[in-house]
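Asker: compute the structure for the input listed below.
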Amino acid sequence: MATAAATISSANLRRPNPFTIYLKEARYEFLKCLRVPMYSVSTIAMPIMFYVLFGLVMGRQMIGSVSATAYLIPAYGTFGVMGASLFGTAATLASERSMGWLQMKRASPMPPFAYFFAKIVMSMTFSTIDVMLLLLLGFTFGGVHLPAIVATKLALTLIAGSIPFCAMGLAIGYFAGPTSAPAVINLFYLPMSFCSGLWMPLMFLPKFIQHLAVFLPPYHLSQLAFRLIGAGNGQPNLGHWEALAGFTMICLGIAWVGHLRDQKANG
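Answerer: Got it, this is the predicted structure:
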């Protein structure tokens, strides 16, 4: 009896902590993507390259009431967050679905949501790197001066804004194939970036694009960020957060439908 109790007690002690499993899964997901230059280098280099070219080299004029070097941090920060989130979730999910990796994960004792948690944390980590590098370049070479509290709020807003695009990536990843996923991502990523005023200030774009922008999630995230530096359209923050939350729920619903479809197809 005592031996059985000791065995049960020992088994309980060896039972892994779910929180530890979530953290380990996130760590390995980050290391996996870090070792893939096609993802890690491109998602970090693209927004930085654009900022150096159009902000530091060519952008010494004013855009509205703020300098171009300050204005482009929220713009390319949103662009970088989108890229890290969409490619970090959609492309990897589509590839791993095709390899049967999700089936193996479901057969393992791992908590079912640890897999998706890891992808979101990994995407937010790369988003953080993008935002911090943009702020560092702006402060060091662009003559940008922001109070510490404003810079912190700007970084946190952009990083939190990666969640809707992670949800969108999950929706794409469940319906796109491994070879078509990058093309499908760019089909959404690039037009949405342009029409939301991330490459060119919205005030310089045609009127019909300005009207279209309010239906696009990058517009709402960028407006939240622009407002922190004294730019933006002056609309209340609540409306932008509500739009991003609604978009997230829609994408998660689509992803859930894809998840159920996969489970049904794979028995």
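
Asker: identify the residue nearest Gly143 in space, chain neighbours excluded?
Answerer: Thr69 (6.2 Å; C-beta to C-beta, 6 or more residues apart in numbering). Just so you know, the C-beta spots here come from the backbone N, C-alpha and C atoms, and that holds for glycine as well.

Asker: go on, Asp130?
Answerer: With C-beta to C-beta, 6+ apart as the criterion, Asp130 has its nearest non-adjacent residue at 3.4 Å, and that residue is Gly80.

Asker: show me where pLDDT drops low in the stretch 151-267 of the chain?
Answerer: Along the stretch 151-267 of the chain, the model assigns pLDDT under 70 to residues 267.

Asker: mind redoing it with 80?
Answerer: The stretch 151-267 of the chain contains residues with pLDDT under 80 at 232, 234, 265-267.

Asker: picking up where we left off before, Ala45 is in contact with the residue nearest to Asp130, correct?
Answerer: No. Gly80 is not in contact with Ala45 according to C-beta atoms under 8 Å; the separation is 9.7 Å.

Asker: between the two, which is the more surrounded one?
Answerer: Between Gly80 and Ala45, counted using other C-beta atoms under 10 Å, the more crowded position is Gly80 (28 against 14).

Asker: what sits against Gly173?
Answerer: Thr89, Ala90, Ala91, Thr92, Leu93, Ala94, Arg97, Ala181, Ala255, Gly258 (C-beta atoms under 8 Å, 6 or more residues apart in numbering).

Asker: I'd like the distance from the host helix or strand of it to the chain centre, please.
Answerer: Using DSSP states H and E, Gly173 maps to helix 162-175. How far helix 162-175 lies from its chain's middle: 9 Å, per C-alpha atoms, centre = their mean, to the nearest Å.

Asker: so what secondary structure elements neighbour the helix or strand just after it?
Answerer: Remark: after helix 162-175, the chain's next helix or strand is helix 181-195, criterion DSSP H and E. Counting contacts by 3 or more C-beta pairs under 8 Å, 6 or more residues apart in numbering; DSSP states H and E, helix 181-195 is packed against helix 68-86, helix 162-175, helix 207-213, helix 217-228.
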